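Peer 1: structure for the following, please:
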Amino acid sequence: MTTEAKIQLSSTELATVWINYQSISASILIFDLFKEKTIDKEAQSIISNYVTECQNIKNKIVDILNNEQAVIPLGFIESDIIRAAPPLFDDFFNIMFLRQMTKLTFGNAGLSSAMSYMKEVNDLFKLNYDVANNFYLITTNYLLGKGVLPRPPYVGMPLQVEFIEDKNYIAGMNLFSDKRSLNTIEVAYITETMQDNVLGMQLMTGFAQVAKEKEVKKYFKAGNELSKNIVADLSSTLLQSDIQPSTPWAGKATSSQISPFSDKLMMFLTSIVASAGIGYIAMGTSFSMRSDLHLKFGMIAKNLFAFSKEGGKIMIKHNWMEEPPQMEDRNQLTK
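Peer 2: The predicted structure is shown next:
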């Protein structure tokens, strides 16, 4: 009697699907709560439609794991939110945060798809990307229409092809020599990092107001200060090249001190934002060609990594970090 071999999820596919479940279960709860607290009808409709799409993605993940007879992760559940709590953020912040989350999904979906082989898994991450792209455009147009999303700095268009001829193009560490103006690639990553951290400041402000555990509240306050320092440092870099920083000014935390989220959920969101920040900084470092920016981005990445690591310690201490699927311990199995 023979048994037909079944192609199962690879370790990388299981990892990406598992991570996707964690984030999508958090997103459903967060934005379903935002939907209930949002006053503007157009914004409420955007968020409601996004929640519906997220639920569809979650169902597909459950189907994949059930077909593999793999346990469904706990992720985040109804007890991680308090629906009766007053709104912690205003309508503009809710949409800006949704826009930010769709941006994070772009990279994750692309990378996860490149690590996948099974059609069902590839289809899952294509759906993730398509949903994120659709709602990125919707939220961007909404915020532009409201006049609360400033565009990055403008620049004169190049009229001819130029090549770098001076090795001083990559200089920047000498305090007594003039630095060249920033190029558009460097401005792009500086601006993106600044905008992310302006949003992070408001996120940390709201979380610090309502966190229950003292060390968690202290952690969010530290995150707020870290974001402030990053924004100030990068603003100064732009101004040195006579570039006016453009950062979103709308979207803020309310004065509520009653948490709509569990400390566990807020810590998870913070870890996602911090990890994404490290990714943006890594990209900025890779494409920057001024040596002083390498040092600046390196220090920011170092501080973000230390902040993220401290958050991991807090989550483990309180038993808030679900353990990812493990590879078999062959040494243990052969004893």
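Peer 1: and the helices in the stretch 1-150 of the chain, which stretches?
Peer 2: With helices called from DSSP state H, counting those that start in this stretch, the stretch 1-150 of the chain shows them at 11-37, 41-67, 91-114, 119-145.
Peer 1: now the stretch 151-300 of the chain
Peer 2: Using DSSP H, counting those that start in this stretch, helices in the stretch 151-300 of the chain cover 184-210, 214-240, 263-287, 291-317.
Peer 1: among the ones you listed, which is nearest Asp32?
Peer 2: helix 263-287 (12.4 Å; CB to CB). C-betas here are computed from N, CA, C, even on glycine.
Peer 1: break this protein down into its domains, please.
Peer 2: Domain segmentation of the chain under automatic domain parsing yields 11-145, 172-317.
Peer 1: which one of those has the poorest average confidence?
Peer 2: Least confidently modelled of these is domain 172-317, at a mean of 90 by mean pLDDT.
Peer 1: on that earlier part again, make CSV out of the helices of the stretch 1-150 of the chain and add mean neighbour count.
Peer 2: Shown next, in CSV, are these (neighbours: other CB atoms under 10 Å):
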stretch, mean neighbour count
helix 11-37, 20
helix 41-67, 17
helix 91-114, 20
helix 119-145, 17
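Peer 1: report the central residue of this protein.
Peer 2: Closest to where the C-alpha atoms of the chain average out (CA atoms, centre = their mean) is Val273, at 4.0 Å.
Peer 1: and it, how far is that from Ile24?
Peer 2: From Val273 across to Ile24, the span is 16 Å (CB to CB, to the nearest Å).
Peer 1: likewise Asn303?
Peer 2: Taking CB to CB, one finds Asn303 at 29 Å from Ile24.
Peer 1: circling back to that earlier point, of all the domains of the chain, which one comes closest to Arg151?
Peer 2: Across the domains of the chain, closest to Arg151 is domain 172-317 (CB to CB), at 6.6 Å.
Peer 1: so what's the gap between the closest one and the chain middle?
Peer 2: 11 Å (CA atoms, centre = their mean, to the nearest Å).
Peer 1: do the same with stretch 149-164
Peer 2: Worked out by CA atoms, centre = their mean, stretch 149-164 lies 27 Å from the chain centre.
Peer 1: now do the end-to-end distance for that stretch.
Peer 2: 34 Å (CA to CA, to the nearest Å).
Peer 1: what does that stretch contact?
Peer 2: Applying CB atoms under 8 Å, 6 or more residues apart in numbering, the contact partners of stretch 149-164 are 96, 140, 143, 184, 187-188, 191, 238, 243-250, 289.
Peer 1: list the contacts for Tyr50?
Peer 2: Phe31, Leu98, Val131, Phe135.
Peer 1: for the closest residue to Glu36 other than its chain neighbours, give me phi and psi.
Peer 2: In this structure, Glu36 finds its nearest non-sequential neighbour in Arg83, 6.7 Å apart by CB to CB, 6 or more residues apart in numbering. Backbone torsions for Arg83, taken as degrees, to the nearest 10, come to phi -70, psi -30.
Peer 1: what's the span of stretch 255-268, first residue to last?
Peer 2: End-to-end for stretch 255-268, by CA to CA: 22 Å.
Peer 1: ok, the nearest residue to Phe207 once chain neighbours are set aside - contacts?
Peer 2: The shortest distance from Phe207 to any non-neighbouring residue, by CB to CB, 6+ apart, is to Phe220 (4.3 Å). By CB under 8 Å, 6+ apart, the contact list for Phe220 reads Met204, Phe207, Ala208, Ala211, Met266, Thr270.
Peer 1: what is the nearest of those residues to Cys54?
Peer 2: Nearest member of those to Cys54, counting by CB to CB, is Met266, at 18.7 Å.
Peer 1: show me what contacts the closest one?
Peer 2: The contact partners of Met266, taken as CB under 8 Å, 6+ apart, are Phe207, Ala211, Val216, Phe220, Ser259.
Peer 1: now render those as CSV, adding distance to Glu120.
Peer 2: As requested, the contacts of Met266 are exported to CSV (distance: CB to CB, whole Å):
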residue, distance to Glu120
Phe207, 36
Ala211, 39
Val216, 38
Phe220, 38
Ser259, 37
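Peer 1: who wins on neighbours among those?
Peer 2: Counting by other CB atoms under 10 Å, Phe207 has the largest number of neighbours within the contacts of Met266, with 26 neighbours.
Peer 1: just checking, that one touches Thr270?
Peer 2: Yes - between Phe207 and Thr270 there is a contact under CB atoms under 8 Å: 7.0 Å.
Peer 1: so what's in contact with those two at the same time?
Peer 2: Contacts common to Phe207 and Thr270, judged by CB under 8 Å, 6+ apart, are Phe220, Gly223.
Peer 1: from Pro150, how far out is Leu143?
Peer 2: From Leu143 to Pro150 the distance is 10 Å (CB to CB).
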